[in-house]
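Novice: give the three-dimensional model of this entry:
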Amino acid sequence: MLLYIHGFNSSPLSEKAVVTANYLAKHFPDTQLFQPQLANTPQAAMQQLSDIVENAISQGLPLRFIGSSLGGYFASYLVEKYGGKAVLVNPAVRPFELFDEFIGAQHNPYTEQDYEIMPIHKQEVAEFDTQVVLNPDRFFVLLQSGDEVLDYKQALEKYHCCKMIIESGGDHSFMGYEKHLQSISQFLQLP
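Specialist: Take a look at the predicted model:
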């Protein structure tokens, strides 16, 4: 089982998600891929993800995650709680510190859905913080220093003991992501 977790205001229709799905369909067609459209609130999104993970566990499936941005933050929590391995792409480290600037009306360009971020959502997202990486061998972190949304140095500091690739330049979308799919697949030990 591979669970792809998109970021804030994103979707399974994002470029990385689509590239991932296409790569897996071609090279690992037997891998069960989940790419849910996450709910707009942290608590509801985590409930969706936990349900998928717990179902996989009940079937004895290995847990594998790819998380982008806020999805990387969620993937860290899930791996520390349930086990498995995760690839984190420009992951958010302390997204609750950024929530104040997003409080209010939001629009997801992929789903065309309008919704509202409220102060309680900052507290909700903080509940999934994993301050210390307890199992560094479970993480592979991809960072680009040109990330215009998140400070890559926060992820560098938090995940310093994990397998990591840091590229100079780039952006929050992680330019050239597709070039890393082979090493991502190897790390996740896809069948």
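Novice: which strand or helix spans the residue positioned nearest the centre of the chain?
Specialist: Against the mean C-alpha coordinate of the chain, by C-alpha atoms, centre = their mean, the closest residue is G67 at 1.7 Å. Taking DSSP states H and E as the definition, G67 sits inside strand 64-68.
Novice: can you pull the contacts of the nearest residue to V79 once chain neighbours are set aside?
Specialist: Spatial nearest neighbour of V79, chain neighbours left out: A86 (4.7 Å); criterion: C-beta to C-beta, 6 or more residues apart in numbering. Where you see a C-beta, it was placed from the backbone N, CA and C, and this is true even at glycine. Counting by C-beta atoms under 8 Å, 6 or more residues apart in numbering, A86 touches R64, F65, I66, G67, G72, A75, S76, L78, V79, R138, F139, F140.
Novice: now, the most widely separated pair of those?
Specialist: Spanning the widest gap among the contacts of A86 are L78 and F140, at 14.9 Å by C-beta to C-beta.
Novice: for burial, what's the neighbour tally of V132?
Specialist: When neighbours are counted by other C-beta atoms under 10 Å, V132 registers 7.
Novice: ok, now how distant is it from V93?
Specialist: Going from V132 to V93 by C-beta to C-beta, to the nearest Å gives 12 Å.
Novice: what of Q113?
Specialist: Distance check for Q113 against V93: by C-beta to C-beta, it reads 26 Å.
Novice: looking at the two, which is more packed in?
Specialist: Counted by other C-beta under 10 Å, Q113 and V93 do not tie: V93 has more neighbours, with 22 against 13.
Novice: just give the closest residue to that one, not the sequence neighbours.
Specialist: The nearest residue in space to V93 (C-beta to C-beta, 6+ apart) is Q154, at 4.0 Å.
Novice: the one you found: neighbour count?
Specialist: Using other C-beta under 10 Å, Q154 has 15 neighbouring residues.
Novice: in stretch 146-160, what counts as buried?
Specialist: Neighbour-count burial for stretch 146-160 flags D147, L150, Y152, A155, K158, Y159 (criterion: 16 or more other C-beta atoms under 10 Å).
Novice: the closest residue to the last one other than its chain neighbours sits in which helix or strand?
Specialist: Read that as Y159. Residue nearest to Y159 in three dimensions, not counting chain neighbours: V141, with 4.5 Å by C-beta to C-beta, 6+ apart. Taking DSSP H and E as the definition, one finds V141 inside strand 139-144.
Novice: what does that strand rub up against?
Specialist: For strand 139-144, the external contacting residues (C-beta under 8 Å, 6+ apart) are 76, 79, 85-91, 133, 152, 155-156, 159, 162-172, 174-175, 177, 180, 183-184, 187.
Novice: quick one: contacts for the residue nearest to the centre of the chain?
Specialist: Taking C-beta under 8 Å, 6+ apart, we find G67 in contact with Y4, I5, Y73, F74, A75, S76, A86, V87, L88, V89, P91.
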